[in-house]
Each structure stands twice: as C-alpha cells, then as structure tokens.
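*Asks:* what would the 3D arrangement of this be:
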Amino acid sequence: MGLIVIVAYKPKPGKEEALKQLMKTHLPRLKQEGLVTDRESIIMEAADGTIIEVFEWLSAEAIANAHSNKAVQQMWGEYAEVCDYVPLNTLKEAGDMFAGFKPVN
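*Replies:* As a prediction, this is how the structure comes out:
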C-alpha cells in the first residue's frame, strides 16, 4: 500500500527557478529507482514562494530504501543546494480552512 506525503520546499535566496527546474525531475527520478507509484504528483506554490509537492511513495519500505539509495542521496544533495524543507504549518495558507496554492505543474 502506498503512502501519500506532502512536502514543503522553501527556496534559498536566488534559487527559486533552480528549485522549480529540479522539481520537474523529482518524481521521474524516484520512479526510475522504483520507489514511488504511478500516481502523478501535484506541485504548487505558496504566497511566500515555498513549493509544495504531494506525491505517493510505493510503501514505507520504499521510503526506508530511499535513505540508502545512492541516486536518491545525490538528488537530495541537489535539493539541499537550492532549498530547505519546512513544516507545512509554517505556511500562512496552512491556517486557512481551505488552503489554496498557485499551481506549478
């Protein structure tokens, strides 16, 4: 059974476009490693420029395997260069009854 996750990526100053470009490769790279389902991701942007992604891991085991997968580790290093991960509740929209975001994909 899959596990749907929501992740918020706050771009580092001047790295907004680099993050958006990297986001285009995220799901395909995880698919190549057999770690996610075929469900398409949803990528959106908060008012402060934070990018939010909703995607589905294949399983809890796939998540665990990602932590020792060299290709995933390399990709996470690329993310570390352009963004920081932030909790959803730090986004202004998270306090709204119906949190609304700008579509990216």
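
*Asks:* what sits closest to N69 if chain neighbours are left out?
*Replies:* E33 (5.7 Å; C-beta to C-beta, 6 or more residues apart in numbering). C-betas here are computed from N, CA, C, even on glycine.

*Asks:* and the contacts of the longest helix along the chain?
*Replies:* Criterion DSSP state H: the longest helix present in the chain is helix 16-32. Around helix 16-32, the neighbours that count as contacts under C-beta atoms under 8 Å, 6 or more residues apart in numbering are 9, 11, 36, 38, 40-41, 43, 49, 51, 53, 55, 66, 71-72, 75, 78-79, 81-83, 104-105.

*Asks:* with stretch 74-85 instead?
*Replies:* Taking C-beta under 8 Å, 6+ apart as the rule, stretch 74-85 contacts 7-12, 15, 18-19, 22, 25-26, 29, 51.

*Asks:* and of those, the nearest to A60?
*Replies:* Using C-beta to C-beta, V7 comes nearest to A60 of these, at 16.0 Å.

*Asks:* check contacts around the closest one.
*Replies:* Counted by C-beta under 8 Å, 6+ apart, V7 has contacts I52, E53, F55, Y85.

*Asks:* tell me the one among the residues you listed nearest to M97.
*Replies:* Nearest member of the contacts of V7 to M97, counting by C-beta to C-beta, is I52, at 17.1 Å.

*Asks:* in three-state terms, label that closest one for me.
*Replies:* strand (DSSP: H, G, I helix; E, B strand; the rest coil).

*Asks:* and it, bridged to which residues?
*Replies:* Beta-bridge pairing for I52 (DSSP bridges): A8, M44.

*Asks:* which parts of the protein are strands?
*Replies:* 3-11, 42-45, 51-57, 83-86, 102-103 (DSSP state E).

*Asks:* distance of W57 from K102?
*Replies:* W57 sits 25 Å away from K102 when distances are taken as C-beta to C-beta, to the nearest Å.

*Asks:* the more surrounded of those two?
*Replies:* Taking neighbours as other C-beta atoms under 10 Å, W57 and K102 compare with W57 leading, 19 against 11.

*Asks:* next, count neighbours for the spatially closest residue to A46 that is not a sequence neighbour.
*Replies:* Distance criterion C-beta to C-beta, 6+ apart; nearest residue to A46, sequence neighbours excluded, is L91 at 4.9 Å. Neighbours of L91 under the rule other C-beta under 10 Å: 19.
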